[in-house]
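**Student:** here is the input, now give the coordinates:
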Amino acid sequence: MGIILLFSRCTKESDCDNHLLGSISEIEYKDSLKLGMSLTYQLKIKGFSNCSSVESVIGKQTGNTIYIKANIFNRGCKCDQSLPTFNGSYIFKPDTAGTYYLSFLNDLPAKYITDMVVVFK
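**Tutor:** Numbers count the residues shown, from 1 in each chain. From the prediction side, this is the model:
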């Protein structure tokens with residue numbers, strides 16, 4: 001008669017924590033701006049589960065184009081896949097007059113919602 005020992009590896013809730021890119025599904029905006037003023041975009045950001053939260057919304061400028069993405073944080077292992085939508089915002093305050101293209105990451109790998117903003121002196 002043999003004895004069978006089974007060892008199960010327990011995982012902590014924090015083992016399931018991860019950082020992901022969220023999908024920005026809607027933006028509300030204006031198309032022109034006076035230099036020295038800021039423009040606040042109201043965003044709808046899709047999460048991945050009921051454990052999701054918006055960690056940050058950041059922009060990276062390359063020339064006159066600003067690429068904006070939403071960083072999502074998922075905390076925990078026991079999450080449903082409800083795909084919640086969160087409210088977020090992005091503030092655009094240019095240093096110089098000109099035409100700018102704000103590209104909000106909508107879907108991976110590289111699908112964007114792009115808004116053109118003309119900044120007047």
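**Student:** in the helix or strand bottoming out on mean pLDDT in the chain, what's buried?
**Tutor:** Within the chain, no helix or strand scores below strand 32-34, which has a mean of 84 by mean pLDDT, DSSP states H and E. In terms of neighbour count (16 or more other CB atoms under 10 Å), strand 32-34 has its buried residues at residue 33. To be clear about C-beta, it is placed using only N, CA and C from the backbone, and glycine gets the same treatment.
**Student:** let's see whichever helix or strand comes after that strand as PDB, backbone CA atoms only.
**Tutor:** Next helix or strand after strand 32-34 toward the C-terminus (DSSP states H and E): strand 39-46. Taking Å, rounded to 0.1, in the frame of the first residue of the first chain, the C-alpha atoms of strand 39-46 are listed here in PDB:
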ATOM      1  CA  LEU A  39      -8.100  71.800 -22.500                       C
ATOM      2  CA  THR A  40      -9.500  69.000 -20.400                       C
ATOM      3  CA  TYR A  41     -10.600  65.900 -22.200                       C
ATOM      4  CA  GLN A  42     -13.300  63.800 -20.500                       C
ATOM      5  CA  LEU A  43     -12.600  60.100 -21.200                       C
ATOM      6  CA  LYS A  44     -14.400  56.800 -21.000                       C
ATOM      7  CA  ILE A  45     -11.900  54.000 -20.300                       C
ATOM      8  CA  LYS A  46     -12.600  50.300 -20.500                       C
END
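**Student:** in strand 39-46, what's buried?
**Tutor:** 39, 41, 43, 45, 46.
**Student:** again with stretch 44-60
**Tutor:** Of the residues in stretch 44-60, 45, 46, 47, 48, 49, 51, 52, 54, 57, 59 count as buried by neighbour count, 16+ other CB under 10 Å.
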